[in-house]
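# When you get a sec, could you give me coordinates for this:
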Amino acid sequence: MSREKKRLRNRPKPIPKPIIVPSSPWFTTVPAQMAALALLVLGAYWNSLGGGFHFDDEGIFLDSYIIGPGFGWGIFRLMQTRPLTFLTFHWNYLAGGASPEGFHWVNLLLHAGNAAVVLLIARRVLRAPGALLAAALFAIHPLQTEAVNYVYQRATLLAAFFALLSLLLFLRERYYWSVAAFGFSLLAKEETMALPVFLLLFDLVRKRHIRWGYYAAMLGMTALFVARLFYSLHRTPDPTIGFGMNRISAVSYALTQSRVVWIYLRLLLFPAGLNLDRDVALSRGLLSPASTLPALLLLALLLCGLAWMVWKKNQPALWALGFFVLLAPSSSVVPAADLSFEHRNYFPLLCLVIAAAFLLERLPGSFLVPTLVVLLGALFGGTIVRNRAWHDEKSLWADVVEKSPRKARGYFHLGQAYASEDSGRARQLYERGLELDPASSIGHTNLGILLLNQGDPQAALDHYRQALRLGGEKPLVRNNMGAAYLRQGQTDEGIQSFRRALELEPCRFDSRWNLMLTLSDLGKKNEALLASRVPANCRLLPEQTQKLEDARQSLR
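Model prediction:
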């Protein structure tokens, strides 16, 4: 070895400089992304806070458990399938009364919380920018507006919150807490029951260690809540969901959902034409309507394709398939009277936004930024515009009538919105609804009420009789018939109708009040006092109880 080589070999080696890892940009941190999401949600839904109550919302204030005093433990009874949701309604009422703004604020905050949990879930499987994109898509997609604006669908928001939390805890391997969160989700609404199936699919595909005790607990809890739900439906006279429905078979419902799912997918990609009460024809066979068979075959092909891609360890396909798994409880074989509702996509949308973020991340940088600006801007604007339709009952049902002109329910509800201020317009709408659906007992009942208020008790009675013939014995109809008979001076028939209404529903206050007043006016004080006695198992509103007590005091 030459002297020069020895010198080079023995020369001390330079000390390597430490590698400095640059810190993450501030906008990729969790607090910054949470703040951005909060601003997005607030901006997109600010104009929803002035909205009113819609559809089933008014029924909230007819529940004595909700507007009664105290913590609300009475809400947790066997027949109440969504006690956690109704407990929040009770607290909402205690805090701000029946003002819709307070209820809308809670819905908005729940949606913002859900978007935040989606962000935390997405950060477990995506890079920080992609996770924020997924959460932003979830937060401002116009398809979510029904769940946020429709107060009664707080059940969907609350169930989704705990189901998302359960998924996040699962990813963090906090299994006991995941089971608990899932239980709270089912207490809010039962439609998240497919979550364990998706989690098991996730474990199988990712080849994670499968904790069978965890899945046994999750599935056992699901079975318990399903049994409770079907017990409640069995005890309900006219259930709107379940296999006991006479109007819709499980096969017809499943065939119909093969078409409805494609409507949902179209709305996810192009959310134009959103509609609370979409006019969907029931599929009574593979070719009735003709689109049923193609929709079914294409859906099967899509699911098979996704399953094959999942087998090949394709991440976006796993999450895309998860959308159909989570949608299954409401869009498979369990019949529901309403064939399509947009809020049913709320929780399953989690999977599609993560799948979309995976795909969008692969776009070239020069193309990605303008694409996201246009996409998020369009969704943000679309949500603001859609919120306007939810401002009040007139705007909402006018939108429904415009988009579903051949469906009667929109005309009935729009007529009800006009009934107190424009009876002529209301009558036109009711009559138009009955032209489309002459067999609607609800339509005949509502038109009968309007005619009675207009001073035409005989015409009202004609429609009430039609309602009884078409819809069977209903206490509301019998009570209104009693009022019509009294207007005609047929007191005995009126008393008989009130008594029949109470036979059908002993806890019905208006029938009891009408019967008591009628008997009192006839001088039959003892009978009136007897009629004022409410069965021990009835729970009236506080003001109703006081009203009956004051009347009893005046009769003694």
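# Disregarding flanking residues, what is the spatial nearest neighbour of residue 478?
What sits nearest to residue 478 in space, not counting adjacent residues and going by CB to CB, 6 or more residues apart in numbering, is residue 501, at 3.9 Å. Placement of C-beta: from N, CA and C, glycine included.
# Let me fix that, I meant to ask about residue 218.
Nearest to residue 218 is residue 196, by CB to CB, 6+ apart, at 3.9 Å.
# which ones are touching that neighbour?
182, 215, 218-219, 222 (CB atoms under 8 Å, 6 or more residues apart in numbering).
# Now restrict the residues you listed to buried residues only.
With neighbours counted by 16 or more other CB atoms under 10 Å, the contacts of residue 196 contain buried members at 182, 215, 218, 222.
# one step back: doesn't the residue nearest to residue 478 lie inside a helix?
Yes - in this structure, residue 501 lies within a helix as judged by DSSP: H, G, I helix; E, B strand; the rest coil.
# what's whichever helix or strand residue 116 is part of packed up against?
Secondary structure from DSSP states H and E places residue 116 in helix 100-122. With contacts defined as 3 or more CB pairs under 8 Å, 6 or more residues apart in numbering; DSSP states H and E, helix 100-122 has these neighbours: helix 30-45, helix 83-96, helix 128-140, helix 145-149, helix 154-171, helix 349-360.
# ok and the second one relative to helix 100-122, angle-wise?
Between the direction of helix 83-96 and that of helix 100-122, the angle (axes from the mean of the first three to the mean of the last three CA atoms, to 10 degrees) works out to 130 degrees.
# how far off helix 154-171 does helix 83-96 point, in degrees?
120 degrees.
# Helix 83-96: how far from the chain's middle?
16 Å (CA atoms, centre = their mean, to the nearest Å).
# Please apply the same query to stretch 513-531.
Worked out by CA atoms, centre = their mean, stretch 513-531 lies 43 Å from the chain centre.
# That stretch: which residues count as buried?
Under 16+ other CB under 10 Å, the buried positions of stretch 513-531 are 513-520, 527-529, 531.
# Which pair of the buried ones among the contacts of residue 196 spans the longest distance?
182 and 215 (11.1 Å; CB to CB).
# which one of the helices and strands packed on helix 100-122 lies closest to residue 457?
The nearest among the helices and strands packed on helix 100-122, by CB to CB, is helix 83-96 at 36.2 Å.
# Now do stretch 55-73: distance from first to last residue.
Terminal residues of stretch 55-73 lie 26 Å apart, using CA to CA, to the nearest Å.
# Centre of the chain to it, how far?
The answer for stretch 55-73 is 18 Å, by CA atoms, centre = their mean.
# Also stretch 256-274?
17 Å.
# what does that stretch contact?
141-143, 145-146, 278, 280-283, 291-292, 295-296, 298-299, 324, 327, 331-332, 339-340, 342, 344-345, 349, 352, 379, 382, 386, 389, 403.
# Before we go further, residue 80 is sitting in a strand, right?
No - applying three-state DSSP, one finds residue 80 to be coil, outside a strand.
# List the residues that contact the nearest residue to residue 277 once chain neighbours are set aside.
Once flanking residues are discounted, residue 277 sits nearest to residue 400: 4.7 Å by CB to CB, 6+ apart. Counting by CB under 8 Å, 6+ apart, residue 400 touches 275-277, 407, 409-410, 413-414.
# got TSV for those residues, with distance to residue 551, neighbour count and pLDDT too?
Listed next are the contacts of residue 400 as TSV, based on distance: CB to CB, whole Å; neighbours: other CB atoms under 10 Å; pLDDT from 0 to 100:
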residue	distance to residue 551	neighbour count	pLDDT
275	46	19	97
276	40	25	96
277	40	21	96
407	43	19	96
409	37	22	95
410	40	27	96
413	34	24	96
414	36	25	96
